[in-house]
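# could you look at this predicted model? Sequence included:
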Amino acid sequence: MIHNSNSFNNDWHPNIWPPFTQIQTNKAQIEVSHGKDASLFTVNPEKELIDGISSWWVTLHGHSNEFIANAISNQAKTLEQVIFADFLHPQAKKLAERLSKLTKLERLFFSDNGSTAVEVALKIAYQWWQNNGERRNQIIAFDGAYHGDTFGAMALGERNIFNESFEKLMFPVKRVPWPSTWIGDEDVERKEEASIQKLCELLKHPTVAVIAEPILQGAGGMNMVRPKFIKKVSELVSNHNSLLIADEVMTGFGRTGSLFAYQQANIQPDLIAISKGLTSGFLPMGITLSKEKIFKSFVSDSPEKTFWHGHSFTANPLGCAAANASLDLLENEPNKYLKFEEKHLFLIKKLNHLPFVKKVRICGTIVAFDLEIGTNSGYLNTIGKKIKSIAIEKGLFIRPLGNVIYLLPPLCITDNQLELCYEIINDILLTL
């Protein structure tokens with residue numbers, strides 16, 4: 001019997017269906033009137049909230065950044081949209097040239113969000129082998145991964161409550177343990193060795209690609225690995241004649257302390273997916289970067305070798321303008337991300353004394369730790385909801401991943417605001 005209930009909180013808007021939310025058991029959305037820099041301003045009640053997670057990791061330079069807003073405004077007066085299959089425009093040319101130079105990957109395919117950027121990378125990798133006369137099916141991903149919610153990206157991610165309804169529709173993916181580590185982890189060498197051994201075993205079978213979130217799994221729990229592990233993964237993939245896809249949707253654009261996370265491992269992926277910080281949260285856009293050798297296999301007189309994929313808003317001029325302006329800001333003030341980790345290292349001392357704060361990990365602009373509270377581990381631990389609610393009352397917006405508490409603020413956050421984030425979290429934890 002199917003049971004439906006409409007007895008949810010009437011504060012919810014009657015026409016809106018929010019993402020990742022069970023409205024039966026959650027508080028209604030909070031209306032925001034405007035945002036500025038690291039702050040959001042709510043309507044009822046009128047309140048200022050520090051945006052401690054950059055509005056789902058996209059607001060790189062802060063809200064309503066005037067430099068980016070002006071770039072979009074100026075572009076809108078010239079060209080707002082054009083079909084990219086037939087036409088080129090200056091903003092796309094500029095962005096493609098810049099990103100190619102920064103990543104050393106020659107070709108860019110534009111899409112419109114992180115999930116589709118991953119989807120494009122997966123389809124390119126799969127078809128590349130066919131274009132070269134070989135059919136491969138095995139794809140390898142890591143335990144705990146999250147790569148998006150379209151079907152291909154969803155299949156690559158961890159199989160769990162979020163996608164179990166679609167299990168029979170997803171293609172099989174081989175899994176390798178993700179050797180998460182943290183400050184003071186004495187078992188990291190063993191975990192890395194076990195993971196590498198599993199990867200070696202799987203790569204003995206011809207493999208389309210291995211996909212990984214370099215250095216840091218975001219939605220999977222802010223789980224971090226050492227750059228040397230990512231480097232070893234890259235070497236194995238190359239030695240076994242496979243492709244490496246770097247999902248930099250969350251980690252790109254300074255979030256991990258380098259412009260792109262894979263650069264810390266001194267590797268060169270075959271394909272890279274980017275989004276989120278790409279336009280600093282102003283407009284939806286995704287990009288898949290590819291090596292030239294991969295692109296060339298799609299250039300042919302044969303229609304079968306064409307990459308038949310596209311989006312209506314591919315390389316939208318306004319999005320490209322936002323991305324170029326965001327890159328300008330990153331290039332002009334690199335210390336905003338290069339030096340951010342030092343702030344976390346200093347401020348985390350405020351929380352280290354608490355007995356239930358475990359597995360503290362820091363990477364660039366990101367700090368995370370586990371709370372050993374409650375019976376459920378992971379996303380379904382209800383302690384996160386409780387902490388989120390109290391934090392909002394105190395003037396901080398965070399969205400814990402179950403029992404994983406983290407901060408991922410905009411680069412523009414002031415030292416005083418960041419210190420206040422830690423003070424609010426500390427005050428909350430002292431009451432638990």
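On my side now, so go ahead.
# from residue 118, how far off is residue 162?
Residue 162 sits 16 Å away from residue 118, going by CB to CB, to the nearest Å. From N, CA and C alone the C-beta is placed, and that goes for glycine too.
# which of those two has more residues huddled nearby?
More crowded of residue 162 and residue 118, by other CB atoms under 10 Å: residue 118, with 30 against 15.
# which ones are touching residue 136?
By CB atoms under 8 Å, 6 or more residues apart in numbering, residue 136 lies in contact with 126, 129, 206, 207, 208.
# ok, now which ones touch the third one?
Applying CB under 8 Å, 6+ apart, one finds that residue 206 lies in contact with 134, 136, 138, 241, 242.
# same thing but 10 Å
Residues near residue 206 by CB atoms under 10 Å, 6 or more residues apart in numbering: 129, 134, 135, 136, 137, 138, 240, 241, 242.
# and it, how close does it get to residue 241?
The value you get for residue 206 to residue 241, if CB to CB is used, is 8 Å.
# would you quantify the distance from residue 21 to residue 132?
The value you get for residue 21 to residue 132, if CB to CB is used, is 44 Å.
# what's the answer for residue 344, then?
From residue 344 to residue 132 the distance is 45 Å (CB to CB).
# and for residue 306?
Residue 306 is 15 Å from residue 132, by CB to CB.
# next: residue 185.
Between residue 185 and residue 132 the computed distance is 41 Å (CB to CB).
# who's more crowded, the two?
residue 185 (15 against 12).
# pull up the per-residue confidence for that one.
Per-residue pLDDT puts residue 185 at 98.
# tell me if I'm right that it and residue 223 touch.
No: the criterion here is CB atoms under 10 Å, and residue 185 misses it with residue 223 at 11.6 Å.
# so what sits against both of the two?
179, 359, 361.
# ok, now which ones touch the second one?
The one in question is residue 359. Here residue 359 is in contact with 180-185, 221-224, 368-372, 404 (CB under 10 Å, 6+ apart).
# now the spatially closest residue to it that is not a sequence neighbour: how far from residue 332?
Nearest residue to residue 359, sequence neighbours excluded (CB to CB, 6 or more residues apart in numbering): residue 182, at 4.1 Å. According to CB to CB, residue 182 stands 33 Å off from residue 332.
# list the contacts of residue 344.
360-368, 407, 409, 418, 422.
# list the contacts of the nearest residue to residue 177 once chain neighbours are set aside.
Nearest non-adjacent residue to residue 177, counting by CB to CB, 6+ apart: residue 195, 4.5 Å away. Contact analysis of residue 195 by CB under 10 Å, 6+ apart lists 142, 143, 176, 177, 178, 179, 225, 229, 232, 233.
# same check, this time on residue 222
Residue 222 sits next to 180, 216, 250, 359, 361, 363, 366-370, 400-401, 404-408 when contact means CB under 10 Å, 6+ apart.
# got it, and residue 170?
Residue 170 neighbours (CB under 10 Å, 6+ apart): 151, 152, 154, 155, 156, 157, 159, 163.
# correct me, but the fifth one touches residue 245?
Yes: assessed by CB under 10 Å, residue 156 is found in contact with residue 245 at 9.0 Å.
# what are the ranges of the helices in the stretch 301-432 of the chain?
Shown for the stretch 301-432 of the chain, the helices assigned by DSSP state H, counting those that start in this stretch span residues 317-332, 335-338, 340-347, 383-394, 415-431.
# from the contact counts, what lies against the first one?
Contact analysis of helix 317-332 by 3 or more CB pairs under 10 Å, 6 or more residues apart in numbering; DSSP states H and E lists helix 66-76, helix 90-103, strand 286-290, helix 335-338 as its packing neighbours.
# what packs against the second one?
Read that as helix 90-103. Against helix 90-103 (3+ CB pairs under 10 Å, 6+ apart) you get helix 66-76, strand 107-111, strand 271-274, strand 286-290, helix 317-332.
# switch the cut-off to 8 Å
Counting contacts by 3 or more CB pairs under 8 Å, 6 or more residues apart in numbering; DSSP states H and E, helix 90-103 is packed against strand 107-111, strand 286-290, helix 317-332.
# restrict it to CA atoms and write it as PDB.
Extracted C-alpha coordinates of helix 90-103, given in PDB (Å, rounded to 0.1, in the frame of the first residue of the first chain):
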ATOM      1  CA  PRO A  90      34.900  36.200 -27.500                       C
ATOM      2  CA  GLN A  91      34.100  35.200 -23.900                       C
ATOM      3  CA  ALA A  92      34.200  31.500 -24.700                       C
ATOM      4  CA  LYS A  93      37.400  31.900 -26.600                       C
ATOM      5  CA  LYS A  94      39.100  33.700 -23.800                       C
ATOM      6  CA  LEU A  95      37.900  31.300 -21.100                       C
ATOM      7  CA  ALA A  96      38.900  28.200 -23.200                       C
ATOM      8  CA  GLU A  97      42.400  29.600 -23.800                       C
ATOM      9  CA  ARG A  98      42.900  30.500 -20.100                       C
ATOM     10  CA  LEU A  99      41.700  27.200 -18.700                       C
ATOM     11  CA  SER A 100      43.600  25.200 -21.200                       C
ATOM     12  CA  LYS A 101      46.800  27.100 -20.300                       C
ATOM     13  CA  LEU A 102      46.100  26.600 -16.500                       C
ATOM     14  CA  THR A 103      45.400  22.800 -16.800                       C
END
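# and for it, what's in contact with it?
Outside of helix 90-103, the residues within contact range by CB under 8 Å, 6+ apart are 75, 84, 105-108, 110, 259-260, 272, 274, 287, 289, 315, 317, 320-321, 323-324, 327.
# of those, select the buried ones using a PyMOL command.
Of the contacts of helix 90-103, the buried ones can be selected in PyMOL as follows, counting by 16 or more other CB atoms under 10 Å:
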select buried, resi 75+84+105+106+107+108+110+259+260+272+274+287+289+315+317+320+321+323+324+327
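# bridging residues for the nearest residue to residue 63 once chain neighbours are set aside?
Nearest-residue entry for residue 63: residue 35, 2.9 Å, with adjacent residues in sequence omitted and distances by CB to CB, 6+ apart. Using DSSP bridges, the bridge partners assigned to residue 35 are residue 40.
# surely residue 35 and residue 65 touch.
No: applying CB atoms under 8 Å, one finds residue 35 not in contact with residue 65, separated by 9.9 Å.
# so between the two, which is more surrounded?
Legend: neighbour count by other CB under 10 Å for residue 35 and residue 65, higher for residue 65 (24 against 20).
# OK, contacts around the more buried one?
So residue 65 contacts 37, 280, 282, 329, 412 (CB under 8 Å, 6+ apart).
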